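In: here are the coordinates; sequence isn't available:
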């Protein structure tokens with residue numbers, strides 16, 4: 001897949017992703033509609049490292065180590081636990097919100113809280129929340145069950161599945 005980056009904006013066939021900071025927090029955001037990208041500073045080593053990691057991801061290279069040494073983002077202790085569990089899902093695979101609950105020692109009634117933690121994930125793909133689906137279907141992505149973000153989730157899953165098959 002072709003992907004290119006300029007000033008923190010990564011363009012790929014899946015969509016346009018912007019990396020930068022919202023205040024002090026590192027953020028990667030899909031540019032949908034009139035979205036404003038986070039501030040990108042070329043001197044920001046962590047933001048630059050994420051841009052390089054996203055480029056490797058979109059090129060289908062070195063997935064095992066692409067995001068391995070990069071932080072998962074700032075959040076509450078619960079959100080961070082959910083994001084860490086999510087990082088245990090291999091590319092091209094999916095797990096359910098119930099699976100995440102079980103991994104965290106929680107009951108299935110906590111699936112909504114898990115979905116809410118994934119919805120505010122500041123680093124999509126790096127924390128692969130797109131690999132978490134509902135027991136009855138695709139589920140949401142970044143708070144949307146339909147529209148552009150749901151389409152991006154489908155494209156990410158198809159891309160990873162094709163890469164896993166060696167297509």
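Out: In hand now; what should we look at? Just so we're clear, the structure is a prediction, and the values are computed from it rather than from any experiment. Residues are numbered from 1 along each chain as shown.
In: After the lowest-mean-pLDDT helix or strand in the chain, heading C-terminal, what element do we hit next?
Out: None of the helices or strands of the chain scores lower by mean pLDDT, DSSP states H and E than helix 63-66, at a mean of 78. Downstream of helix 63-66, the first helix or strand assigned by DSSP states H and E is helix 77-86.
In: which other residues reach that following helix?
Out: 72-73, 75, 100, 103-104, 113-114, 117-118, 120-121, 127-129, 131-132 (CB atoms under 8 Å, 6 or more residues apart in numbering). In this view, the C-beta of every residue, glycine as well, is placed from N, C-alpha and C.
In: Show me which of the residues you listed are buried.
Out: For the contacts of helix 77-86, a burial check counting by 16 or more other CB atoms under 10 Å picks out 72-73, 75, 100, 103-104, 113-114, 117-118, 121, 127-129, 131-132.
In: Of the residues you listed, just say which sits nearest to residue 48.
Out: Nearest to residue 48 among the buried ones among the contacts of helix 77-86 is residue 73, at 16.5 Å by CB to CB.
In: if I pick that closest one, what's in contact with it?
Out: 25-26, 80, 83, 121-123, 126-127.
In: Could you check how far it is from residue 66?
Out: Applying CB to CB, to the nearest Å, the value for residue 73 to residue 66 is 16 Å.
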